[in-house]
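Undergrad: Prediction below, plus the sequence it came from.
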Amino acid sequence: MTETSGYLVVGGDSLVGGGTAAALARRGERVLTTTRRRDTIGDGRIHLDFEDRATFRAPPGIGYAFLIAAATNYDRCERDPQARVINVELIPELAAALLAQGLFVAFVSTNSVFGGDRPWPHEDDAHAPGIAYARQKSEGEAAIRAAAARLGASGRLAIVRLTKILDAGVSPLPAWRAAWDRGEAVEPFEDLIFAPISRRFVGEALATVGATRASGHLHISGRENVSYVAFAHALARRLRVDERLIQPTTAVAKGVQIAFKPRFSGLGMVRTSALTGLAPQPLDHLVDDLAAALGC
């Protein structure tokens, strides 16, 4: 390893951050994660509170930072002004500080910046954000790109957009598994579309992005746009659950208001694949990962 071959995962307590740190560790990389909880600081875990505007200094030996921390709750982004401060000001300021220190920075963003009305948007397509969270992430991207250009560091910046990430503990899996174990039916929504990827897949994909030092806009996506009903059937088959325990419904029929309800969720990965060799995750690979995470 070189003197600056280590990785920093900002937001290591998150689903994506934890998956990325685990993937890097499996590859034998030196990896540090950050936490805002001082009582959990320890070996490999350092304190970073991105709401403190004091300039953060990367530890010695770190050459690459994954910036995964954000205010992600849709309702909070609509109602709490501090969420916008975090996503549009504080996180970009942290990105700029790390770039100014000579690090390569990968900023993790979201498919929601495209609005969900176009199938398979290209990495460099124009944004059309609808909800507050998407607008804030789009503005955050722009602020980080501007900082990188100002610092002459655009070649050390990757903006990586993700589709929905699933793991054993991510809704609706715990409730579905519990219902199926009781022999009860679940009611997935036919009118809710996504292109899901597993925690393991996104962690490995981000580790590959880091290893290749690919810059610019990148995408990590599931291969299929599917409804939650189609996903439920695929998962039930993999878990050997009776598919009669799936009773399709819709969010409209249930009176459930969903903030981000895209017609299309998947992201185009042509540029990403050319630079990194990554390909979208097939649905059957996703359910295999979920089955393993569920201990099946």
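TA: On my side now, so go ahead. Numbers count the residues shown, from 1 in each chain.

Undergrad: count of residues packed around residue 143?
TA: Each residue near residue 143 was counted by other CB atoms under 10 Å, and the total is 19. Quick note: C-beta positions are derived from backbone N, CA and C, even for glycine.

Undergrad: Same question for the one 3 residues further on.
TA: Applying other CB under 10 Å, we find 13 other residues in the vicinity of residue 146.

Undergrad: dump the residue contacts of residue 136.
TA: Contact analysis of residue 136 by CB atoms under 8 Å, 6 or more residues apart in numbering lists 71, 77, 83-84, 87-88.

Undergrad: May I ask which of the residues you listed has the most neighbours?
TA: residue 87 (26 neighbours).

Undergrad: Check which helix or strand the residue nearest to that one when sequence neighbours are not counted maps to.
TA: Excluding the flanking residues, the one nearest residue 87 by CB to CB, 6 or more residues apart in numbering is residue 136, at 3.8 Å. Following DSSP states H and E, one finds residue 136 within helix 132-150.

Undergrad: next one: the helix or strand just after that helix to chain centre, how far?
TA: The helix or strand immediately downstream of helix 132-150 is strand 157-162, counting by DSSP H and E. Relative to the chain's own centre, strand 157-162 is displaced by 10 Å; criterion: CA atoms, centre = their mean, to the nearest Å.

Undergrad: Specify the angle between strand 157-162 and helix 132-150 in degrees.
TA: Per axes from the mean of the first three to the mean of the last three CA atoms, to 10 degrees, the angle that strand 157-162 makes with helix 132-150 is 160 degrees.

Undergrad: So what are the sheet partners of strand 157-162 and their directions?
TA: strand 104-110 (parallel), strand 216-220 (parallel) (DSSP bridges).

Undergrad: ranges for the strands of this protein?
TA: Using DSSP state E, the strands of the chain run over 6-10, 31-35, 45-47, 62-67, 104-110, 157-162, 165-166, 193-194, 197-198, 216-220, 226-227.

Undergrad: Go through those and name the closest to residue 265.
TA: Closest approach to residue 265 among the strands of the chain (CB to CB): strand 193-194, 4.5 Å.

Undergrad: just how off-centre is that closest one within its chain?
TA: 15 Å.

Undergrad: Give me the mean pLDDT for it.
TA: For strand 193-194, mean pLDDT is 97.

Undergrad: Distance of residue 173 relative to residue 128?
TA: Residue 173 is 30 Å from residue 128, where distance means CB to CB, to the nearest Å.

Undergrad: can you check residue 73 too?
TA: Separation of residue 73 from residue 128 (CB to CB): 22 Å.

Undergrad: do residue 142 as well
TA: Distance from residue 142 to residue 128, counting by CB to CB: 14 Å.

Undergrad: Also residue 153?
TA: Look at residue 153 and residue 128: by CB to CB, they are 28 Å apart.

Undergrad: Looking at the two, which one has more neighbours?
TA: Taking other CB under 10 Å, residue 153 and residue 128 do not tie; residue 153 has more neighbours (20 against 15).
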